[in-house]
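Participant: Generate coordinates for the sequence data below:
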Amino acid sequence: MEVAKMMTMFTIQVIGIYPDTHKVGCDLYPDIQHLNSEMQFFTKTSCQLDLMGLKSDGKTPDEIFEPYNYVDRAQFGTVLSRLIYGDEYNIYEGEETIYKRYEKHLRALHEDDIIHKIENPSMLEQR
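Facilitator: A predicted model of the protein is given here:
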């Protein structure tokens, strides 16, 4: 949930991209209902920005958000890639057997010299 807050604030205040407040399903995660209103807002908004809480297509809200999970390199790279490149490196129907959901995102960030260590996608990120 903290990554949702940081990336949402950065996306809106620095990049100037605003959420699609009409996007359906971003406030239906059953595992955010107990969060305070601030964190519910940021988890929902990160979904509306097409950054987090989404299936591998980068558009469809996932069934759960998992607000207390640690963030690994694969997850953070996917969020950062979606912010920088939009939906270019998302995984679409038929590609699930070819790519892991984060693979194209990390490869693009590595090729553009943004993230250097992509060999261990389960490496935990630090704030």
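Participant: thought D57 was touching E93?
Facilitator: Yes: contact status for D57 versus E93: in contact at 7.5 Å, counting by Cβ atoms under 8 Å. (C-beta placed from N, C-alpha, C; glycine too.)
Participant: Taking the centroid of the chain, which residue is nearest it?
Facilitator: Centroid-nearest residue in the chain, with Cα atoms, centre = their mean: M52, separated by 2.9 Å.
Participant: where does that residue land in three-state SS?
Facilitator: For M52, the secondary structure call by DSSP: H, G, I helix; E, B strand; the rest coil comes out as coil.
Participant: who touches stretch 42-52?
Facilitator: 1, 3-5, 7-8, 11-12, 17-21, 23, 25-27, 29, 32, 35, 53-54, 58-59, 61, 65, 67, 79, 82-83, 86-87 (Cβ atoms under 8 Å, 6 or more residues apart in numbering).
Participant: in this structure, which ranges drop under the pLDDT threshold?
Facilitator: Along the chain, no part satisfies pLDDT under 70.
Participant: which residues in it form helices?
Facilitator: Using DSSP state H, the helices found in the chain span residues 2-10, 37-48, 73-85, 103-111.
Participant: In a markdown table: the ones you listed, plus mean neighbour count and distance to I118.
Facilitator: Below are these laid out as a markdown table (neighbours: other Cβ atoms under 10 Å; distance: least, Cβ to Cβ, whole Å):
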| stretch | mean neighbour count | distance to I118 |
| --- | --- | --- |
| helix 2-10 | 18 | 18 |
| helix 37-48 | 20 | 22 |
| helix 73-85 | 21 | 7 |
| helix 103-111 | 19 | 4 |
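Participant: Kindly reformat these as a markdown table containing distance to L124.
Facilitator: Putting these into a markdown table (distance: least, Cβ to Cβ, whole Å) gives the following:
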| stretch | distance to L124 |
| --- | --- |
| helix 2-10 | 12 |
| helix 37-48 | 19 |
| helix 73-85 | 8 |
| helix 103-111 | 15 |
